[in-house]
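Provided below are the primary sequence and the corresponding predicted coordinates.
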Amino acid sequence: MNDGVNGVALGVFIFFFLAVTVMGFLAARWRKAENEHSLDEWGLGGRSFGTWVTWFLLGGDLYTAYTFVAVPAAVYAAGAAGFFAVPYTILVYPLIFTFLPRLWSVSHKHGYVTTSDFVRGRFGSKGLSLAVALTGILATMPYIALQLVGIQAVLDVMGVGGGEDTNWFIKDLPLLIAFGVLAAYTYSSGLRAPALIAFVKDTLIYIVITVAIIYIPIKLGGFDEIFAKAGEKYEAAGAGGLVPAQGAQWTYATLALGSALALFMYPHSITATLSSRSRDVIRRNTTILPLYSLMLGLLALLGFMAIAAGVKVKNGQLAIPQLFENMFPDWFAGVAFAAIGIGALVPAAIMSIAAANLFTRNIYKDFIKPDATPAQETKVSKLVSLLVKVGALVFVLTMDKTVAINFQLLGGIWILQTFPALVGGLFTRWFHRWALLGGWAVGMLYGTIAAYGVASPTQKHFGGSSKEIPGIGEIGYIGLTAFVLNVAVTVVLTFVLRAAKAPDGIDETRPEDYTADAGDPGVQTELPPATSGAAH
């Protein structure tokens, strides 16, 4: 790692950062609506994005700076087990092809802005809607924090902010500036800002990955040499070589499957989805988003390259930025660092908007001010998006980075527990609302307690997301085990409650709502007055 500041790389980084900052503020005028004071406009970009804008937005949303840093870092540290992200992104696209168009249709028909809006309307339960909203907000907070960790990793490698003995304010000033800019243009432009910036972010990432996958192997003697050195390191460390050890294969498979089920439960994934202008846009995107999986596979190979290049770092999250620093000319290292930095700004903006929309629609409007006007909703959502980012910043500045990572893993366990209510509700109303709430509570409780009991070399609690599966004896992903318990409890309680003739909530949706398109008669973009914030 450099002892001083890499001036050339920093200059290139600042150039791109300033460029996307200008774009972020100008985005407020992009496709400007007549009425800007509504969540449809600020929080969903007017529900007007076409195929390519949605593709870049979803890509910028799902493939974050943390992905850029953490996936190859996992390969760098643990070998092929770090590739679990590749199969799970392959599994997720056929899955979302089955349910995202249905969610888009019913959401546009009734003006739903969040998943909790749909759950409340489908099951007539504010309690279940609140549970889904709180889970989404809790799971999103550490995810935003990790985007700031990604920016901080790049700044550290460039030598910006001084050493460990530097005054904390001076050391963290670059991160504070980046945060301030992000907060300002998100407040001003809403979802349009990350949608516009995503074009730059994804273009830079594809350029960097393409160059890296060709240029770095040439400098290191080819892929044969890279894989040979990586295999030697893993075997020496007892990490199972280039293939996961037999005892780790259950962990690998359950983590990939559980992550695939959870990915589009995150509020930011749904926010990007609902911003599109038709259900056909969603269907087309599920067929072209796998291009990002190809990129992700190539990205993971950088972990092997870091080993072959002799990169030595105490914090594995610095391995790939340090690889770029060591292998690329300074100017192109700056481009790579800009790709990671901008790759943090886009998803952090979308995540903060999604969390703010959940609070505004499903806590503020449902429980605090049921008669809130669209303008009041928008104002509250803007303010909450700032508070969410402040919370993430405090989290990063005051806690150890491994804590942020492990809380993000816990967030994945939590968000998976919303799957039965959301996806189940899109296809059937057989599940009873109280049963879904009971299953959610059991899944959340088991997942949290099980994760609390996992230790690591650096932490006594919340040290990982894998534990022995009850009744099987294999080590598997805690989130998937909790999900199975969640579904089992939901099914059993539904039988019991149906037999007891417990009252159902009022379903405000109809079967034809789930296949409606934007041009169909009766499709609207605002909640009906009778159901907006009303109790069921």
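Nice, thanks for sending it over.

Skip ahead from the helix or strand encompassing residue 301 and say which helix or strand is next.
Here residue 301 sits within helix 290-308, counting by DSSP states H and E. Moving toward the C-terminus from helix 290-308, the next helix or strand (DSSP H and E) is helix 319-327.

contacts for the helix holding residue 301?
59, 62-63, 67-68, 71-77, 82-83, 85-86, 89-90, 93, 205-206, 209, 212-213, 216-217, 220, 225-227, 229-230, 233, 319-320, 322-323, 327 (C-beta atoms under 8 Å, 6 or more residues apart in numbering). From N, CA and C alone the C-beta is placed, and that goes for glycine too.

what angle do it and helix 319-327 make?
With axes from the mean of the first three to the mean of the last three C-alpha atoms, to 10 degrees as the basis, helix 290-308 and helix 319-327 are set at 70 degrees to each other.

ok, and for helix 290-308, which residues are buried?
Neighbour counts over helix 290-308 (16 or more other C-beta atoms under 10 Å) mark 292-293, 295-308 as buried.

doesn't residue 334 make contact with residue 208?
No. The pair residue 208 / residue 334 is not scored as a contact, 10.8 Å apart, by C-beta atoms under 8 Å.

give the contact list for the closest residue in space to residue 338 that isn't next to it in sequence.
Nearest residue to residue 338, sequence neighbours excluded (C-beta to C-beta, 6 or more residues apart in numbering): residue 16, at 3.7 Å. Going by C-beta under 8 Å, 6+ apart, residue 16 touches 200, 204, 334, 335, 338, 341, 342.

give me the element residue 16 is part of.
Element membership for residue 16 (DSSP H and E) is helix 7-26.

Could you give the number of residues near residue 511?
Residues lying near residue 511 (other C-beta atoms under 10 Å) number 6.

tell me the SS of residue 476?
strand (DSSP: H, G, I helix; E, B strand; the rest coil).

ok, the residue lying closest to it once chain neighbours are set aside to residue 448 distance?
Closest residue to residue 476 apart from its sequence neighbours, by C-beta to C-beta, 6+ apart: residue 254 at 3.9 Å. To residue 448, residue 254 is 18 Å away according to C-beta to C-beta, to the nearest Å.

what about those two, which has more around it?
Between residue 254 and residue 448, counted using other C-beta under 10 Å, the more crowded position is residue 254 (22 against 16).

who touches the helix or strand harbouring that one?
Assigned by DSSP H and E, residue 254 belongs to helix 249-263. For helix 249-263, contacts defined as C-beta under 8 Å, 6+ apart pick out 62, 81, 84-85, 87-89, 91-92, 95, 244, 269, 412, 415-416, 419, 465-466, 469, 472, 474-477, 479-481, 483.

Let's see that with 6 Å instead.
For helix 249-263, the external contacting residues (C-beta atoms under 6 Å, 6 or more residues apart in numbering) are 81, 84, 87-88, 91-92, 244, 412, 415-416, 419, 466, 474-477, 479-480.

How about it, which residues are buried there?
Buried residues in helix 249-263 (16+ other C-beta under 10 Å): 250-263.

try stretch 443-453
443, 444, 446, 447, 448, 450, 451.

Check the spacing between the second one and residue 435 real quick.
Distance, residue 444 to residue 435, using C-beta to C-beta: 15 Å.

Any idea how far stretch 108-126 is from the middle of the chain?
21 Å (C-alpha atoms, centre = their mean, to the nearest Å).

end-to-end on it?
Criterion C-alpha to C-alpha, to the nearest Å; first-to-last residue distance in stretch 108-126 is 20 Å.

C-alpha coordinates for the helix or strand just after the helix holding residue 16, CSV please?
Later in the chain than helix 7-26, the nearest helix or strand by DSSP H and E is helix 39-42. Taking Å, rounded to 0.1, in the frame of the first residue of the first chain, the C-alpha atoms of helix 39-42 are listed here in CSV:
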residue,chain,number,x,y,z
LEU,A,39,-43.9,9.5,-4.0
ASP,A,40,-44.6,8.2,-7.5
GLU,A,41,-42.4,11.0,-8.9
TRP,A,42,-39.7,11.4,-6.2
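
State the mean pLDDT of helix 39-42.
The average pLDDT within helix 39-42 is 86.

Secondary structure element holding the spatially closest residue to residue 439 that is not a sequence neighbour?
Distances taken as C-beta to C-beta, 6+ apart put residue 490 closest to residue 439, at 3.3 Å, once the chain neighbours are dropped. Using DSSP H and E, residue 490 sits in helix 478-499.

mind listing what's buried in that helix?
Those buried within helix 478-499 under the rule 16+ other C-beta under 10 Å are 478-487, 489-490, 493-494, 497.
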